[in-house]
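# For reference, the sequence and a predicted model appear below.
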Amino acid sequence: MKIKVLALFVVALFAANTQIEAQESTTALLEKAQAKAKKENKAIFVKFEASWCGWCHRMTKNMKAESTKKFFQDNFVSVPVVVFESQKNKNLENPGSEDLVKKYKGEKAGLPFWVILDSDLNLITDSFDPSGQNLGCPASKQEVKEFVKKLKKTVASFSKKDEKMILKQFTIKD
């Protein structure tokens, strides 16, 4: 009897660990984001990222900085999508992530790659600049200005104060 209980406990523990490590599918992520965006009248900021990507971490840090956090929370439902992980970290990827990044032509753009969708999941803008290069995590003054243009297309109430804040947070200081 003790062996059966122990075996059942081990199986249950393994199943719980498997569930904890399993990532949500992109379909589930977008469905949740869409419901929240419709309810809160926000756009959806989908950021494709990977654990090995330093620029991805920098983008997250900039979006969650004390000066910018409220702006991004007030205007967007943020959806991080893990894609292009190394073989040893494939378990971190969201199922469907490669198909989703391909849908927006970002599979060869590098990371981070991002898109901004309306609450009906229609594309508003993406991280490609006018010459077709990925802005990724904008850092140069020109890249951040292009990022600001894209945010202005998305956020109706975008102000000069918002612009200064984004420029200050994202631009690499020389």
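Here it is on my side, so go on.
# Which residue is the nearest non-sequential neighbour of Gln111?
Slight slip there: residue 111 is Leu, not Gln. Nearest residue to Leu111, sequence neighbours excluded (CB to CB, 6 or more residues apart in numbering): Cys53, at 4.6 Å. Bear in mind the C-beta positions are built from the backbone N, C-alpha and C, glycine included.
# Was I right to think that neighbour contacts Pro112?
Yes. With contact defined as CB atoms under 8 Å, Cys53 counts as touching Pro112 (6.6 Å).
# how far away is the residue nearest to Leu111 from Gln34?
Distance of Cys53 to Gln34, given as CB to CB, to the nearest Å: 26 Å.
# With neighbour numbers in mind, choose between those two.
Neighbours per residue, other CB atoms under 10 Å: of Cys53 and Gln34, the larger number sits with Cys53, 21 against 18.
# Give me the phi and psi angles of the more buried one.
The phi and psi torsions at Cys53 (degrees, to the nearest 10) take the values phi -90, psi 110.
# Glu66 versus that one, what's the distance?
23 Å.
# One more: Trp114?
Taking CB to CB as the measure, Trp114 falls 21 Å from Glu66.
# more neighbours, those two?
When Trp114 is set against Glu66 and neighbours are counted by other CB under 10 Å, the residue ahead is Trp114, at 29 against 7.
# can you list contacts of the helix or strand that one falls within?
Mapping Trp114 onto the secondary structure by DSSP states H and E places it in strand 113-117. Residues from elsewhere that reach strand 113-117, judged by CB atoms under 8 Å, 6 or more residues apart in numbering: 43-48, 59, 76, 101, 104, 106, 123-127, 134, 136, 150, 154.
# Give me the buried entries from those.
Buried members of the contacts of strand 113-117, counted by 16 or more other CB atoms under 10 Å: 43-48, 59, 76, 101, 104, 106, 125-127, 134, 136, 150, 154.
# Could you list which of these belong to helices?
Counted as lying in helices by DSSP state H, out of these, are 59, 101, 150, 154.
# Quick check: the farthest pair among these?
Between all members of these, the longest pairwise span (CB to CB) is found for Val101 and Thr154 and amounts to 19.6 Å.
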